[in-house]
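*Asks:* Below is the structure, and that's it, no one-letter string:
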């Protein structure tokens, strides 16, 4: 069975990608916290150049990490809407994605032996 994806609702695509990227960014946050801590300790150990105070660096990093999921969600929404709009525009000229599916046969249950 062949199906063709004719249209994507732009606002729904934007909402889905905003949620997807917002949640995905939460996976990145622990690694950023780890690298931020390692970088701030490395900068503290390096005494040759003036380094901003550790609380300032840590505060700016935490602020960025708090805002990161919102930034990812906003960009996911914007690019989700734009991508769906471009897809819908292109489907008018060259057609949409074509998918091919096959139906799965239900399992055959053999009668029990006599």
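*Replies:* Received it, and whenever you're ready, just let me know what you need. Bear in mind the structure is a predicted one, so any value in this text is a computation, not a measurement. Residues are numbered from 1 along each chain as shown.
*Asks:* From here on, just use CA atoms for contacts and neighbour counts.
*Replies:* OK.
*Asks:* Could you tell me which helix of this protein is the longest one?
*Replies:* Secondary structure of the chain per DSSP state H: the longest helix is helix 54-94.
*Asks:* now that one, how far from the centre of its chain.
*Replies:* 9 Å (Cα atoms, centre = their mean, to the nearest Å).
*Asks:* which SS state does the residue most central in space within the chain fall under?
*Replies:* The structure's the chain has its C-alpha centroid closest to residue 21; by Cα atoms, centre = their mean the separation is 2.9 Å. Secondary structure, DSSP: H, G, I helix; E, B strand; the rest coil: residue 21 is helix.
*Asks:* What of residue 6?
*Replies:* Once three-state DSSP is applied, residue 6 turns out coil.
*Asks:* just residue 3 next, same as before
*Replies:* strand.
*Asks:* Spell out the secondary structure type for the residue nearest to it when sequence neighbours are not counted.
*Replies:* Distances taken as Cα to Cα, 6 or more residues apart in numbering place residue 99 nearest to residue 3, at 5.2 Å, with adjacent residues excluded. Secondary structure state of residue 99, per three-state DSSP, is strand.
*Asks:* circling back to that earlier point, same for the longest helix of the chain, what does it pack against?
*Replies:* The helices and strands touching helix 54-94, judged by 3 or more Cα pairs under 8 Å, 6 or more residues apart in numbering; DSSP states H and E, are helix 10-45.
*Asks:* angle of the helix it packs on against helix 54-94?
*Replies:* Relative orientation of helix 10-45 and helix 54-94, computed by axes from the mean of the first three to the mean of the last three Cα atoms, to 10 degrees: 150 degrees.
*Asks:* Pull out the buried positions in helix 10-45.
*Replies:* Buried residues in helix 10-45, counted by 16 or more other Cα atoms under 10 Å: 10-11, 13-19, 21-22, 25, 29, 36-37, 40, 43-44.
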